[in-house]
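J.: Got a sequence here, can you build the structure:
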Amino acid sequence: MENFVMYNPVKLHFGKGVVEKTGKSASEYGKKALLVYGRGSVKHNGAYDDTAGSLNEAGIEIVEYTGIRPNPVVEDADRAADLGRRENVDMIVAVGGGSVIDCAKVISVAVPCQRPAWELVEGAVKPLSGIPLLAVLTLAATGTEMNANAVIQNNKLMKKVGFKNNLMFPKHSFLDSSYTLTVPANYTAYGIVDLVAHALEAFFGNGDSTLTDKFTLNIIDEAFEYGPKLMNDLKNHELREKIMFAATCALNGMTAWGRKGHDWGVHAIGHVLSVIYDIPHGASLSIAYPAWFKLFKDRIPKRIGQLGKGLFNHANPDIVIDRFEKYFSGMDAPVKLSQLGVDISAKDVKEKVTDVMVKNKVSGFNYEIDQDDYMLLLEMME
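T.: Residues are numbered from 1 along each chain as shown. Sure thing, here's the model as predicted:
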């Protein structure tokens, strides 16, 4: 087992009506908030009205930045940070799913740094401070509500990268699964895939921690048990709660205890698919994970077998791959690029995609993926 430190300063508020506390919590940090959200779904599910109402009741002045994309881009972080500086905001309140909260995290450190956000993301400039961030979650998926990670892309450079800094931990996160009842079937499925993928990235991380393995396997098992039930009953609040809690636990730190970290190889593949084809994040993972399993089934059969034994009581890697493919497909998540209308069968197209993989240095931290593997992976994902 690796040495580790448990640290998570996020105060998580979970359950019906918790957003009513947003204004009171925000008043701890000042009187003016930059309210950040996406393209309008929060105005249909009630999250916007509830959050803004709570802020208004607490006497918090609101400045809005809207239009954050499902795959957030650095230009939005720069524009929002500039607005925050001009308006001299005291805090950021992000209302939305993982993309909105990820972008808000980058904004929170870009505002006081007064440098282009991409310089922070790529490590050219180290942030020394950040303005407080509060998050109201409307999609169960990424776990960003309880960690210090963010993913953002630069379309000009064709890069999508992860960025972590403890300054980006939200101060408070509010999780009321009522706001997820209107999430359509496809994005509900993509969120479930994402939480499973986070747990898998942890399971294939560096180090040996048997108790952490049990935590991780139980998170996956929760998604396997309740995910399909939710897909058949999208208005079931109790099932929405179970998936929301599982998604938070999949990436709040507990799956990394006793390890050096996650592998992140599959996410690296998925990020390339998203930056080229604007594929939803969860859909990129349901396509990439079966291919990754197939690539590594003869390289790490023991570890894949341990996963299968813990989940399905089968240690055969082929059975494990089959079970995951059927699970993703059963929720109508794609397992091939062709299911999303993406044709990469031509050699020149594959070479273009592999060039972007090289630019993004696609590999895992534990299990290396080299350039010879890129073409094999693309053939498995066609």
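
J.: quick one, what contacts the residue nearest to the spatial centre of the chain?
T.: The chain has Thr142 as the residue nearest its centroid, 2.9 Å off, counting by CA atoms, centre = their mean. Contact criterion CB atoms under 8 Å, 6 or more residues apart in numbering gives Gly97, Gly98, Ile101, Asp102, Gly191, Asp194, His198, Ala247, Leu251, His281 as the residues in contact with Thr142. For the C-beta atoms, the positions are set from N, CA and C on the backbone; glycine is no exception.

J.: Just those: which are in helices?
T.: The subset of the contacts of Thr142 located in helices under the criterion DSSP state H comprises Gly98, Ile101, Asp102, Gly191, Asp194, His198, Ala247, His281.

J.: any chance of the residues you listed in a markdown table, plus distance to Leu12 and pLDDT?
T.: Supplementary listing: the ones in helices among the contacts of Thr142 in a markdown table, determined by distance: CB to CB, whole Å; pLDDT from 0 to 100:
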| residue | distance to Leu12 | pLDDT |
| --- | --- | --- |
| Gly98 | 15 | 97 |
| Ile101 | 13 | 98 |
| Asp102 | 17 | 98 |
| Gly191 | 18 | 98 |
| Asp194 | 18 | 98 |
| His198 | 17 | 98 |
| Ala247 | 12 | 98 |
| His281 | 22 | 96 |
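
J.: any chance of these in TSV, plus neighbour count?
T.: Formatted as TSV, the entries for the ones in helices among the contacts of Thr142 read as follows, by neighbours: other CB atoms under 10 Å:
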residue	neighbour count
Gly98	28
Ile101	31
Asp102	25
Gly191	27
Asp194	29
His198	28
Ala247	31
His281	25
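
J.: mind listing the helices for the stretch 151-300 of the chain?
T.: Residue ranges of the helices in the stretch 151-300 of the chain, as given by DSSP state H, counting those that start in this stretch, are 185-203, 210-231, 237-250, 265-277, 281-296.

J.: And the pLDDT for Trp292?
T.: If you check Trp292, the pLDDT there is 98.

J.: And Thr180, how close does it get to Tyr187?
T.: 9 Å (CB to CB, to the nearest Å).

J.: Show me the common contact partners of the two, please.
T.: Between them, Thr180 and Tyr187 share the contacting residues Leu139, judged by CB under 8 Å, 6+ apart.

J.: More neighbours: these two, which one.
T.: The neighbour count for Thr180 versus Tyr187, taken as other CB atoms under 10 Å, is higher for Thr180 (26 against 19).

J.: right, and that one touches Met244 too?
T.: Yes: between Thr180 and Met244 a contact is recorded at 6.5 Å, counting by CB atoms under 8 Å.

J.: Mutual contacts of those two, please.
T.: Shared contacts of Thr180 and Met244, defined by CB under 8 Å, 6+ apart, comprise Ala140.

J.: okay if I get the helices of the stretch 151-300 of the chain as JSON lines plus distance to Lys302?
T.: Putting the helices of the stretch 151-300 of the chain into JSON lines (distance: least, CB to CB, whole Å) gives the following:
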{"stretch": "helix 185-203", "distance to Lys302": "13"}
{"stretch": "helix 210-231", "distance to Lys302": "13"}
{"stretch": "helix 237-250", "distance to Lys302": "23"}
{"stretch": "helix 265-277", "distance to Lys302": "17"}
{"stretch": "helix 281-296", "distance to Lys302": "11"}
